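>>> Here is a sequence with its predicted model. Questions after.
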Amino acid sequence: MKDNYIWTEKFRPSKWNKFFVCSPEFFKKVQKWIDDKQIPHLLLVGPPGTGKTTLARILIRETEAEFMEINASDERGIDTVREKVKRFASVMTLKNMKIVFLDEADSLTPDAQNSLRNIMETYSKNTRFILTGNYRNKIIDALQSRCKVQVLESPEKEEIFNRLAFILESEGIEGWNKKDVIRIMKMHYPDLRRMINTLQSSCISGKLKIDFEELLTNDFRRVVTENLREGNIKDLRKYVINTIPNYVEVFRFLFEFIENIFQLDPGSPKNSELIGDMQIIVSEYMYRSAFVPDQEINLAACFLELLKSVGIKTK
């Protein structure tokens, strides 16, 4: 499949002046690195889809560096660091600088990270390292102290909407509805990559057609929806405990899509009132989650109260 068919690749910024996911202060800082053709060791962290990989590749391109790119989630062991990375870093280059780009570096084993810190020190004269990751706490302190740490924040929703609108217009999608684009944003914020993928899969024959069931990808949203509709609290609690690290995302999903989850028609006065009451329930439990000693039990209690509201028996 060609990259120009995949929208996330087709519309991935390739130049710094096209990169929009950053603050004005950070923009000036990166521009100086590009002007000087030099960068420090970098650790780029933030949620999925916020531009970490894109930024790393732009820096490599703009500084005209010789580079090696490794996806650390596939090659996460110490052998990769000792053999591939060390060999590349130790060889002289005819270019101004060499860059080792370790994508998803938070997947590296502790031994691999410890080995990497020595290589970063030894070959720092000619070689720079760019590390990316979703979770800063999974990167050892010794690596963080050797890097300029930059947290990529979630883009403003208005910026995201404008970007999605630009993509739709560029692809010649006709008669699209602003509300449908916002629904995609609410479902996947702040993951811009997932929004674009959902946008593309929802465009059929030049038209944007949004259906809640189609918006559900194979993540926690589908599992939560299916188990709530069946009243299967036992399996849902197991899934929550073993899979979901951030319960806030679950509460937000429940609040935004409660009528879709339970297939309630908001056009009915009775259902409209019920939907409002259920959103109040979700917001109350979300507030309590900041204080309760066991957040999983708090979330499970929220599930139970929602099921009771719509009359679904629990299993």
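Great, that's in hand.
>>> switch to C-alpha atoms for all contacts and neighbour counts from now on
Noted.
>>> Skipping its backbone neighbours, what lies nearest residue 82 in space?
Nearest residue to residue 82, sequence neighbours excluded (C-alpha to C-alpha, 6 or more residues apart in numbering): residue 115, at 7.2 Å.
>>> Please, which helix or strand holds the residue nearest to residue 12 when sequence neighbours are not counted?
By the measure of C-alpha to C-alpha, 6+ apart, the closest residue to residue 12 outside its immediate chain neighbours is residue 54, 7.0 Å from it. Element membership for residue 54, per DSSP states H and E: helix 52-62.
>>> Given the helix or strand following that helix, what are its sheet partners and their directions?
The helix or strand immediately downstream of helix 52-62 is strand 66-71, counting by DSSP H and E. Looking at strand 66-71 with DSSP bridges, its partner strands are strand 98-103 (parallel).
>>> coming back round to it: orientation of the helix or strand where the residue nearest to residue 82 lies relative to strand 98-103 in degrees?
Applying DSSP H and E as the criterion places residue 115 in helix 110-122. Interaxial angle, helix 110-122 versus strand 98-103 (axes from the mean of the first three to the mean of the last three C-alpha atoms, to 10 degrees): 160 degrees.
>>> from here on, count from 29
Shifting the count to begin at 29 puts that one at helix 138-150.
>>> Work out the gap between whatever helix or strand comes next after helix 138-150 and the centre of the chain.
The C-terminal neighbour of helix 138-150 among helices and strands, as given by DSSP H and E, is strand 155-161. In terms of C-alpha atoms, centre = their mean, to the nearest Å, the centre of strand 155-161 is set 19 Å apart from its chain centre.
>>> Surely residue 220 touches residue 78?
Yes. Checked against C-alpha atoms under 8 Å, the pair residue 220 and residue 78 is within contact range at 6.5 Å.
>>> What about the nearest residue to residue 264 once chain neighbours are set aside, how many residues nearby?
Among residues not flanking residue 264 along the chain, residue 255 sits closest, at 6.1 Å (C-alpha to C-alpha, 6+ apart). Around residue 255 there are 17 other residues, counting by other C-alpha atoms under 10 Å.
>>> Retrieve the pLDDT associated with residue 255.
The model reports residue 255 with a pLDDT of 96.
>>> Quick check: which element contains it?
Going by DSSP H and E, residue 255 is in helix 248-258.
>>> Show me where the stretch 129-278 of the chain has its helices.
138-150, 169-172, 185-198, 206-216, 220-229, 240-243, 248-258, 261-271, 275-289 (DSSP state H, counting those that start in this stretch).
>>> Tell me which of those helices sits most buried.
Most buried of the helices of the stretch 129-278 of the chain, by mean neighbour count (mean count of other C-alpha atoms under 10 Å): helix 220-229, with a mean of 20.
>>> what helices or strands is that one leaning on?
Packed against helix 220-229 by the contact rule (3 or more C-alpha pairs under 8 Å, 6 or more residues apart in numbering; DSSP states H and E) you find helix 35-38, helix 206-216.
>>> Can you give me the buried ones in the first one?
Along helix 35-38, these residues count as buried under the neighbour rule (16 or more other C-alpha atoms under 10 Å): 35, 36.
>>> mind checking the longest helix of this structure?
helix 297-316 (DSSP state H).
>>> who does that one touch, helix- and strand-wise?
helix 275-289, helix 323-338.
>>> Helix 323-338 and that helix, what's the angle between them?
170 degrees.
>>> Show me what counts as buried in helix 297-316.
Those would be 302, 303, 306, 307, 309, 310, 311, 313, 314, for helix 297-316 by 16+ other C-alpha under 10 Å.
>>> For residue 260, see how far away the first one is.
Spelled out, that is residue 302. Distance of residue 302 to residue 260, computed by C-alpha to C-alpha, to the nearest Å: 21 Å.
>>> for the fourth one, same thing?
Distance, residue 307 to residue 260, using C-alpha to C-alpha: 21 Å.
>>> Repeat that for the second one.
As judged by C-alpha to C-alpha, residue 303 and residue 260 stand 21 Å apart.
>>> any chance of the helices and strands packed on helix 297-316 in JSON lines, plus mean pLDDT and distance to residue 69?
Shown next, in JSON lines, are the helices and strands packed on helix 297-316 (pLDDT from 0 to 100; distance: least, C-alpha to C-alpha, whole Å):
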{"stretch": "helix 275-289", "mean pLDDT": "92", "distance to residue 69": "32"}
{"stretch": "helix 323-338", "mean pLDDT": "96", "distance to residue 69": "38"}
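>>> export those to a markdown table and tack on distance to residue 206?
Output for the helices and strands packed on helix 297-316, formatted as a markdown table (distance: least, C-alpha to C-alpha, whole Å):
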| stretch | distance to residue 206 |
| --- | --- |
| helix 275-289 | 16 |
| helix 323-338 | 30 |
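>>> Having no further points to raise, I will conclude here.
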